[in-house]
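A.B. asks: Structural data only, the sequence is not supplied:
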């Protein structure tokens with residue numbers, strides 16, 4: 001039996017520009033699966049593990065900046081989407097989640113594969129919708145089409161994010177043999193007209209008067225995709241010494257004009273005591289640097305946050321103004337209205353950046369082999385055209401410590417979990433022919449091994465695996481590192497290597513334990529290949545912690561003697 005409401009749903013998706021769907025096998029979702037698989041304008045892929053499937057969709061939507069459809073059967077399958085949905089919500093990535101369900105009368109009646117699916121994702125979606133449980137009546141078809149339009153519009157509306165449509169389906173729902181699905185070329189659609197938000201003239205006059213009395217301005221971009229216009233505006237502000245721009249690696253706005261090595265001195269109260277700003281201006285999402293957050297929370301500065309929907313984000317506990325504007329609009333206005341600031345303040349930041357930059361390479365090259373030094377060497381060999389996906393925990397912190405990157409950086413910092421980093425990188429490979437480099441630790445890597453359990457070719461994936469056989473970050477956190485239970489209950493020591501996984505999934509694989517092996521393995525790591533490649537860098541957790549501590553201490557000595 002053809003369910004016309006489902007056929008119309010897929011036709012609306014295609015008409016509104018959804019070109020990709022990630023499907024997980026199941027019977028209750030069969031009408032959705034068949035409709036997406038048969039639509040000529042939608043590329044449907046099957047991923048069996050729903051948790052991995054959702055992160056793969058996330059990785060695709062990050063790159064496409066447009067919703068990707070997710071389809072699963074009823075029951076616990078929908079719950080496995082949850083981690084990626086939460087990540088998408090806080091990272092503001094659009095997803096269209098379509099969960100098949102049993103009819104309402106069969107919920108909580110000991111029927112198979114039933115849970116309470118209505119509003120199952122709670123506050124972690126922008127909206128929850130439910131289709132009628134029958135869909136061939138004209139009014140119900142109109143109702144279903146209206147719901148689908150509203151959901152997709154909401155996913156795209158700023159800030160973008162995941163939306164959920166729960167779809168109760170009654171049997172029979174499989175088409176008869178040779179029965180065709182006829183997609184309308186002109187399904188009912190209505191679009192959202194986007195309006196531009198900017199401050200009133202009166203508000204701008206007040207902001208300008210405030211700018212006239214501040215001398216030390218710090219601009220902090222949060223996580224976002226690369227934006228050449230924003231980059232140009234920030235570079236102008238810095239080059240003209242109107243503000244200090246501090247950029248984490250996930251901001252994708254690092255340049256020679258911005259401060260990128262701040263984690264080397266902001267944790268040192270003596271060095272950073274004269275760096276406190278009068279005014280903090282922020283935009284974008286989260287930052288990585290804990291030392292930067294603590295530094296700003298301990299200032300007496302005012303804080304202006306720029307966000308188009310005007311919602312408050314008081315990350316530094318100093319918020320005084322929430323400005324409803326696009327960052328491009330506001331930074332352009334700032335360039336036109338901000339006079340040169342305190343030159344000593346600007347030069348203080350720049351001189352610290354220069355001092356670390358001049359010494360860091362020498363410090364790394366003079367040290368023993370370990371994760372930090374090995375990753376620095378790998379990054380110097382990573383092509384500029386490669387997109388870099390980096391896992392949470394130590395991998396992203398090493399990347400941030402190493403300063404400016406030319407490549408596009410992605411990291412799941414919405415919830416900052418280790419789950420799904422492999423899958424998100426795989427999703428990225430589905431959207432580009434460029435090299436995608438995943439930098440990950442062993443805990444995140446083995447946790448998400450089902451990312452590779454599918455039938456699709458991903459020859460452009462390169463994985464740099466930092467395997468210290470433990471959760472090494474816990475040796476750097478003051479609380480757990482001093483506890484006798486550190487190794488068993490916090491680090492969670494494990495003996496796995498990636499060799500068997502590589503064989504199982506058909507990856508090229510090499511393992512290195514010293515600098516000579518690393519250099520040899522990298523000679524063809526980025527060369528063209530028919531298969532993905534894994535470079536496993538095996539080290540010891542305690543020696544990595546000691547190495548990082550030594551380099552930080554030596555860098556601080558260089559700054560003190562500056």
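C.D. replies: Nice, I can see it. Note that this is a predicted model, so its numbers are computed, not measured.
A.B. asks: what about residue 463, which helix or strand?
C.D. replies: In the assignment (DSSP states H and E), residue 463 maps to strand 461-467.
A.B. asks: ignore the last one, residue 517
C.D. replies: With DSSP H and E as the test, residue 517 turns up in helix 515-521.
A.B. asks: Give me the contact list for the helix or strand where residue 84 lies.
C.D. replies: Assessed by DSSP H and E, residue 84 sits inside helix 82-91. For helix 82-91, the surrounding residues in contact (C-beta atoms under 8 Å, 6 or more residues apart in numbering) are 51, 54-55, 57-58, 61-62, 93-95, 97, 121, 124-126, 161-162, 164, 223, 285-286, 412-415, 417, 419-420, 423. Heads up, the C-betas are built off the backbone N, CA and C, glycines and all.
A.B. asks: show me what contacts residue 231?
C.D. replies: For residue 231, the contacting residues are 253, 255, by C-beta under 8 Å, 6+ apart.
A.B. asks: What residues sit buried inside the strand or helix carrying it?
C.D. replies: Applying DSSP H and E as the criterion places residue 231 in helix 228-239. Within helix 228-239, the residues scored as buried using 16 or more other C-beta atoms under 10 Å are 230-231, 233-238.
A.B. asks: Tell me how confident the model is about it, as a mean pLDDT.
C.D. replies: Helix 228-239 comes out with an average pLDDT of 96.
A.B. asks: For the closest residue to residue 84 other than its chain neighbours, give me its contacts.
C.D. replies: Excluding the flanking residues, the one nearest residue 84 by C-beta to C-beta, 6 or more residues apart in numbering is residue 54, at 3.4 Å. By C-beta under 8 Å, 6+ apart, the residues touching residue 54 are 22, 70, 80-81, 83-85, 95, 97, 420, 423.
A.B. asks: host element of residue 54?
C.D. replies: Using DSSP H and E, residue 54 sits in helix 50-64.
A.B. asks: center of the chain - which residue?
C.D. replies: Nearest residue to the geometric centre of the chain (C-alpha atoms, centre = their mean): residue 412, 3.4 Å.
A.B. asks: Do you know the pLDDT at that residue?
C.D. replies: 97.
A.B. asks: Quick check: the gap between it and residue 467.
C.D. replies: 20 Å (C-beta to C-beta, to the nearest Å).
A.B. asks: Can you show me the strands along the stretch 1-150 of the chain?
C.D. replies: With DSSP state E, counting those that start in this stretch as the criterion, the stretch 1-150 of the chain has strands at 20-23, 43-46, 68-72, 95-101, 127-130.
A.B. asks: Of all those, which one is nearest residue 440?
C.D. replies: Residue 440 sits nearest to strand 20-23 of all the strands of the stretch 1-150 of the chain, at 21.2 Å, using C-beta to C-beta.
A.B. asks: Contacts made by the closest one with the rest, please.
C.D. replies: Identification of contacts with strand 20-23 by C-beta under 8 Å, 6+ apart yields 13, 29, 32-33, 36-37, 42-47, 53-54, 56-57, 60, 64, 68-72, 430.
A.B. asks: partners of it, with directions?
C.D. replies: strand 43-46 (parallel), strand 68-72 (parallel) (DSSP bridges).
A.B. asks: and the gap between the nearest residue to the residue nearest to the centre of the chain once chain neighbours are set aside and residue 468?
C.D. replies: For residue 412, ignoring the flanking residues on the chain, the nearest one in space by C-beta to C-beta, 6+ apart is residue 87 at 5.1 Å. The spacing between residue 87 and residue 468, counted by C-beta to C-beta, is 25 Å.
A.B. asks: mind listing what residue 52 touches?
C.D. replies: 420, 422-423, 448, 450-451, 453.
A.B. asks: Please repeat the previous calculation with a cut-off of 6 Å.
C.D. replies: By C-beta atoms under 6 Å, 6 or more residues apart in numbering, the residues touching residue 52 are 423, 450-451.
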